[in-house]
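Trainee: Structure, please.
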Amino acid sequence: MTGQSLEELTAAYEDHTIRINVGGFKKRLLSNTLSRFPETRLARLLHCQSKESILELCDDYDDMEKEFYFDRNPALFPYVLNFYNTGRLHVMAELCIFSFSQEIEYWGINEFFIDSCCSNAYHCRKMDPDRGGLGRLPE
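Mentor: All right, here's what the predicted structure looks like:
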């Protein structure tokens, strides 16, 4: 036992996390995980000193809940989370490549982090507009 109460441990944990809400998808993220990628949007939030600087990086902020809100597609956010955990991006074939590209750009994640298993297909699809998106009907 550490000699700390559960309340103290919880408070210490919360001091090292941030709460985010991406299109209704809520998550608590460890600040040291985000800090590994300092140029990304979420890592930059860690250094904000004012509400004005926070609102330059997110769509809204709840002071009471200490929760950051992002008006983004929650279906794409698990790819961003996976990046923070692994340091690599993976692109599934069923994704619209242009939406994915815009999403990682928004979060400040460089295409350089796309893993080698996905990189060639990603760049080929991105350069070929007929293969980049889904839902296109044959002519």
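
Trainee: in this structure, which spans are helices?
Mentor: 6-15, 31-35, 41-45, 51-55, 77-86, 97-106, 116-127, 129-132 (DSSP state H).

Trainee: Show me what the third one is packed up against.
Mentor: Judged by 3 or more Cβ pairs under 8 Å, 6 or more residues apart in numbering; DSSP states H and E, the packing partners of helix 41-45 are strand 17-22, helix 31-35. For the C-beta atoms, the positions are set from N, CA and C on the backbone; glycine is no exception.

Trainee: Select the helix or strand of the chain having the lowest average pLDDT value.
Mentor: In the chain, the helix or strand scored least confidently by mean pLDDT, DSSP states H and E is helix 6-15, which has a mean of 48.

Trainee: Now do the residue nearest the centre of the chain against Asp63, distance only.
Mentor: Taking Cα atoms, centre = their mean, the centroid of the chain lies closest to Val80, which sits 3.8 Å from it. As judged by Cβ to Cβ, to the nearest Å, Val80 and Asp63 stand 24 Å apart.

Trainee: Same check on Arg125?
Mentor: Arg125 is 42 Å from Asp63, by Cβ to Cβ.

Trainee: Pick out whichever of these two has more residues nearby.
Mentor: Neighbour count, other Cβ atoms under 10 Å: between Arg125 and Asp63, Arg125 has more, with 21 against 8.

Trainee: correct me, but that one touches Ile97?
Mentor: Yes - judged on Cβ atoms under 8 Å, Arg125 makes contact with Ile97 at a distance of 4.4 Å.

Trainee: Run a quick neighbour tally on Gly87.
Mentor: Number of residues near Gly87 (other Cβ under 10 Å) recorded here: 11.

Trainee: I meant to write Glu39 there.
Mentor: 9.

Trainee: contacting residues around it?
Mentor: Contacts for Glu39 (Cβ atoms under 8 Å, 6 or more residues apart in numbering) come out as Gly108, Asn110.

Trainee: give me that answer again for 7 Å
Mentor: Gly108 (Cβ atoms under 7 Å, 6 or more residues apart in numbering).

Trainee: pLDDT wise, what is it at?
Mentor: At Glu39, the model reports a pLDDT of 97.
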